[in-house]
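Trainee: Any chance you could fold what I've pasted below:
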Amino acid sequence: MIWLTWRQFRFQATVTLTILAAATIYVMTTGLRMHHAYAADIAACPHPEIGCRFFLSFQGSYNAEQRLLEMLVFAAPALIGIFWGAPLIAAELERGSHRMLWNQSVTPTRWLAVKLAILALAALLTAAVLSLLLTWWASPLDQRSNDRFAAMTFGTRGVTPLGYAAFAFALGTVLGLLIRRTLPAMAVTLAVFIALQIVFAAVLRPNLLPSTAATMPINATTMSQVQGIGTGPDPSGPVQIFRPGKADAWILSATNLENSSGHEISGNQVSTCLNNQSLDLTGIGDCLAPYNLHIDYTYQPADNYWPLQWLETGFYLALAALLGGACFWRIRRHRD
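Mentor: Predicted structure coming up:
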């Protein structure tokens with residue numbers, strides 16, 4: 001069975017190994033250069049905790065490479081589900097070769113067990129290698145951006161890609177068994193996988209752990225910790241604070257600028273402070289302090305990053321296990 005699995009899987013394995021080899025060479029070549037540049041420039045920065053002008057140009061110069069690698073890691077589980085999972089059983093049913101395979105000395109359940117074990121392990125290893133490469137490569141950028149909870153960043157670092165890969169593979173296998181046609185199973189696998197990714201990131205992930213509520217008074221100290229303040233295109237509109245609180249926290253929601261009575265204020269009411277070009281954020285905070293303003297916001301603390309990673313990965317692995325169990329249940333009752 002192992003030999004048969006390899007014979008049937010060798011094309012996908014060759015393509016995967018080629019992509020992994022190319023990705024490793026690219027990541028190591030560009031990553032070593034980037035890490036060296038980062039170490040040299042941060043050593044020349046007198047206050048790295050505050051930041052230097054170098055960091056903005058540094059991040060911008062690697063934006064294209066970062067997006068490319070993130071898309072590769074993000075797409076890998078979907079491709080595994082499409083090209084590994086969906087054809088696994090659907091191709092046999094479509095060709096009719098299952099009539100011969102499942103009437104030999106190897107039972108259908110044993111046939112499925114060997115196939116699932118080998119390919120699921122290969123899927124996990126593929127996702128692990130890609131995630132490890134990107135996590136190492138992007139570490140200087142992630143360290144300065146303090147945006148580990150962003151959807152694309154969170155889903156392409158750490159252990160979450162392993163959960164995605166296992167789930168996508170099991171999903172494709174189940175859909176192939178049910179639909180019995182390879183191409184439709186591939187299309188449905190992609191649609192379901194993308195839909196669940198969107199729903200999980202937008203609805204489930206923010207609620208996996210209880211969030212923390214906080215109130216931030218507006219003064220020079222608190223304004224020095226935010227990324228910006230503005231009213232948008234309409235100066236008479238509400239005033240927004242961008243990324244309040246600790247820089248490495250995940251901000252889930254935030255109110256606009258409010259007075260002590262809890263009512264929103266407009267940009268025109270504090271235009272003297274906002275339109276003063278000579279003031280930085282600290283100066284704007286000092287200017288706004290007499291108005292007794294504040295915002296309310298909710299967030300996930302930075303310490304929740306790894307618990308959220310493990311919880312999400314566990315969720316997808318549990319779904320993969322359930323789908324694998326459904327495959328065994330269905331194949332035992334297969335009559336054809």
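
Trainee: for the helix or strand where residue 118 lies, what is the average pLDDT?
Mentor: Element membership for residue 118 (DSSP states H and E) is helix 108-137. Averaged across helix 108-137, pLDDT comes to 90.

Trainee: Can you name the next helix or strand after that helix?
Mentor: Remark: after helix 108-137, the chain's next helix or strand is helix 139-145, criterion DSSP H and E.

Trainee: From residue 21, how far off is residue 15?
Mentor: 11 Å (CB to CB, to the nearest Å). To be clear about C-beta, it is placed using only N, CA and C from the backbone, and glycine gets the same treatment.

Trainee: cool, and residue 153?
Mentor: From residue 153 to residue 21 the distance is 25 Å (CB to CB).

Trainee: so residue 13 sits right up against residue 119, yeah?
Mentor: No - using CB atoms under 8 Å, residue 13 is not in contact with residue 119, being 9.6 Å away.

Trainee: what's the spacing between the helix or strand harbouring residue 169 and its chain's center?
Mentor: Assigning secondary structure by DSSP H and E places residue 169 in helix 160-179. Distance of helix 160-179 from its chain centroid, counting by CA atoms, centre = their mean, to the nearest Å, is 18 Å.

Trainee: tell me which strands and helices it is in contact with?
Mentor: In terms of contacts (3 or more CB pairs under 8 Å, 6 or more residues apart in numbering; DSSP states H and E), helix 160-179 is packed against helix 63-80, helix 86-95, helix 108-137, helix 151-156, helix 182-199, helix 305-332.

Trainee: buried residues in that helix?
Mentor: Across helix 160-179, burial judged by 16 or more other CB atoms under 10 Å covers 160-177, 179.

Trainee: by how many degrees do that helix and helix 108-137 diverge?
Mentor: Orientation of helix 160-179 against helix 108-137 (axes from the mean of the first three to the mean of the last three CA atoms, to 10 degrees) gives an angle of 150 degrees.

Trainee: tell me the angle helix 160-179 makes with helix 182-199.
Mentor: Going by the same axes, to 10 degrees, helix 160-179 is angled at 140 degrees with respect to helix 182-199.

Trainee: Report the inter-axis angle for helix 160-179 versus helix 86-95.
Mentor: Computed by the same axes, to 10 degrees, the angle separating helix 160-179 from helix 86-95 equals 10 degrees.

Trainee: Quick one: mean pLDDT over helix 160-179.
Mentor: 95.

Trainee: Only alpha carbons, please: show it as PDB.
Mentor: Provided in PDB are the C-alpha atoms of helix 160-179 (Å, rounded to 0.1, in the frame of the first residue of the first chain):
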ATOM      1  CA  THR A 160      -2.000  27.700  12.300                       C
ATOM      2  CA  PRO A 161      -1.000  26.700   8.800                       C
ATOM      3  CA  LEU A 162      -0.700  23.100  10.000                       C
ATOM      4  CA  GLY A 163      -4.300  23.100  11.100                       C
ATOM      5  CA  TYR A 164      -5.400  24.700   7.800                       C
ATOM      6  CA  ALA A 165      -3.500  22.100   5.800                       C
ATOM      7  CA  ALA A 166      -4.900  19.100   7.700                       C
ATOM      8  CA  PHE A 167      -8.400  20.500   7.500                       C
ATOM      9  CA  ALA A 168      -8.200  21.300   3.800                       C
ATOM     10  CA  PHE A 169      -6.800  17.800   3.000                       C
ATOM     11  CA  ALA A 170      -9.600  16.100   4.900                       C
ATOM     12  CA  LEU A 171     -12.200  18.400   3.500                       C
ATOM     13  CA  GLY A 172     -11.100  17.600  -0.100                       C
ATOM     14  CA  THR A 173     -11.100  13.900   0.600                       C
ATOM     15  CA  VAL A 174     -14.600  13.900   2.100                       C
ATOM     16  CA  LEU A 175     -16.100  16.000  -0.700                       C
ATOM     17  CA  GLY A 176     -14.400  13.700  -3.300                       C
ATOM     18  CA  LEU A 177     -16.000  10.700  -1.700                       C
ATOM     19  CA  LEU A 178     -19.400  12.400  -1.600                       C
ATOM     20  CA  ILE A 179     -19.400  14.200  -5.000                       C
END
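
Trainee: Please name the nearest non-neighbouring residue to residue 246.
Mentor: Once flanking residues are discounted, residue 246 sits nearest to residue 302: 6.7 Å by CB to CB, 6 or more residues apart in numbering.

Trainee: quick one: contacts for that neighbour?
Mentor: By CB atoms under 8 Å, 6 or more residues apart in numbering, the contact list for residue 302 reads 148, 246, 248, 249, 250.

Trainee: for those residues, which one is nearest residue 307?
Mentor: Residue 307 has its nearest neighbour among the contacts of residue 302 in residue 250, at 12.1 Å by CB to CB.

Trainee: In TSV, list the contacts of residue 302 along with neighbour count.
Mentor: Shown next, in TSV, are the contacts of residue 302 (neighbours: other CB atoms under 10 Å):
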residue	neighbour count
148	17
246	14
248	15
249	21
250	22
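
Trainee: Now tabulate those residues in CSV and tack on secondary structure.
Mentor: As requested, the contacts of residue 302 are arranged in CSV below (DSSP: H, G, I helix; E, B strand; the rest coil):
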residue, secondary structure
148, coil
246, coil
248, coil
249, coil
250, strand
